[in-house]
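>>> Please work out how this folds:
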Amino acid sequence: MPHATAPDGVAIAYQVRGGGDPLVLLSGQANSHEWWDDVREDFHGSRTTITLDYRGTGDSGESPSTYSTRRFAEDVITVLDDLGVDRADVYGTSMGGRVAQWVAALHPSRVRGLVLGCTSPGGRHGFERSDEVRRTLAVPDAAKVRLALLDLMYTPEWLATHPGPYRTLGDRGMSPRARRGHLAASNLHDAWDALPDISAPTLVVHGDADSFNPTANAPLLADRIPGARLVLVPGARHAYFEEFRATASPLVLDFLDHAVSEVD
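The predicted structure is shown next:
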């Protein structure tokens, strides 16, 4: 598996599949590239998909210092540089959407089109999950936490017919330090002041039944980013991109193929 070396010496593993224009897919918190394994082939008819293992996950090294969404964004640029990709579409979901915000705001010349899925601007402006959800995820029983996460990610109807494996529940190989670092990175994310600097055509997508990352964050992002388009997926919870892939993947491709081409 190829690796790119970040400025601080951390090896960042990345994966390239498909063919066509480059599309970077960014995973959720405490997850490796496997987050996208069941979905990425949807894009291979016209896109080369590029994923990476965040530092501390998969085959990447651990961070010698703190973890942050800005640092993850710089790792994305490191991977693009290693591949010789000057400009790419970027699609981030959950914490990956937070990372994608920084990629687009800090490196506008590298982002052709931007899709932000089930994510948040963070900080004092973002809507946090409810105390009830927090309590459910804080119980010491790992089996109960897993069931709670599945319920937050997917509808009961989908779970009844899809026994797994589930790619969105976290990288089991992470060290406790890396897991804490990812949690802190996501919790401390605040791109509110940088969002108006995003110049790439932007699509904001969110499930309208998402309580893990409350749906109210979607219009916040769409209103804050110049010219952004907002689409809510009816009935979808946090993992809309997987359960509702028949809707979400064509939606993303259509946006990238048409809305973005208008400004090229």
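
>>> residues near the closest residue to residue 126 other than its chain neighbours, how many?
Distances taken as CB to CB, 6 or more residues apart in numbering put residue 120 closest to residue 126, at 4.2 Å, once the chain neighbours are dropped. For every residue, glycine as well, the C-beta is placed using N, CA and C. Residue 120 is flanked by 28 other residues according to other CB atoms under 10 Å.

>>> now do residue 7
8.

>>> Just read off the phi/psi values of it.
phi -60, psi -30 (degrees, to the nearest 10).

>>> Look at residue 109 and give its secondary structure.
Following DSSP: H, G, I helix; E, B strand; the rest coil, residue 109 is assigned to helix.

>>> Excluding chain neighbours, give the residue nearest to it in space.
Residue 109 sits nearest to residue 87 (CB to CB, 6+ apart), 7.1 Å away.

>>> what residues are up against the one you found?
Contacts for residue 87 (CB atoms under 8 Å, 6 or more residues apart in numbering) come out as 22, 109-112.

>>> Out of those, who's the most crowded?
Going by other CB under 10 Å, residue 111 tops the contacts of residue 87 with 24 neighbours.

>>> unless I'm mixing things up, it is touching residue 89, no?
Yes: counting by CB atoms under 8 Å, residue 111 touches residue 89, with 7.5 Å between them.

>>> Which pLDDT does the model give the nearest residue to residue 119 once chain neighbours are set aside?
Leaving aside its chain neighbours, residue 119 sits nearest to residue 97 (2.6 Å; criterion: CB to CB, 6+ apart). Note for residue 97: predicted pLDDT of 98.

>>> With residue 142 instead?
Reported pLDDT for residue 142: 89.

>>> gap between it and residue 152?
15 Å (CB to CB, to the nearest Å).

>>> With residue 103 instead?
Taking CB to CB, one finds residue 103 at 26 Å from residue 152.

>>> Can you show me the helices along the stretch 51-200 of the chain?
Under the criterion DSSP state H, counting those that start in this stretch, helices of the stretch 51-200 of the chain are mapped to 69-83, 95-106, 131-137, 142-153, 156-161, 176-187.

>>> need the contact list for the closest residue to residue 67 other than its chain neighbours.
Nearest non-adjacent residue to residue 67, counting by CB to CB, 6+ apart: residue 181, 3.4 Å away. By CB under 8 Å, 6+ apart, the contact set of residue 181 is 56, 63, 66-67.

>>> and with 10 Å instead?
By CB atoms under 10 Å, 6 or more residues apart in numbering, the residues touching residue 181 are 30, 54-56, 62-63, 65-68, 71, 174-175.

>>> Same question for residue 211.
Residue 211 neighbours (CB under 10 Å, 6+ apart): 129-130, 132-133, 151-152, 237-238.

>>> same thing but 8 Å
Counting by CB under 8 Å, 6+ apart, residue 211 makes contact with 129-130, 133, 152, 237.

>>> Compare those and tell me which has the most neighbours.
Ranked by neighbours (other CB under 10 Å), the contacts of residue 211 are led by residue 237, which has 24 neighbours.

>>> Quick check: pLDDT value at it.
pLDDT, residue 237: 98.

>>> before we move on, what about residue 219?
Residue-level pLDDT assigned to residue 219 equals 98.

>>> ok so it is a helix residue?
Yes: assessed by three-state DSSP, residue 219 belongs to a helix.
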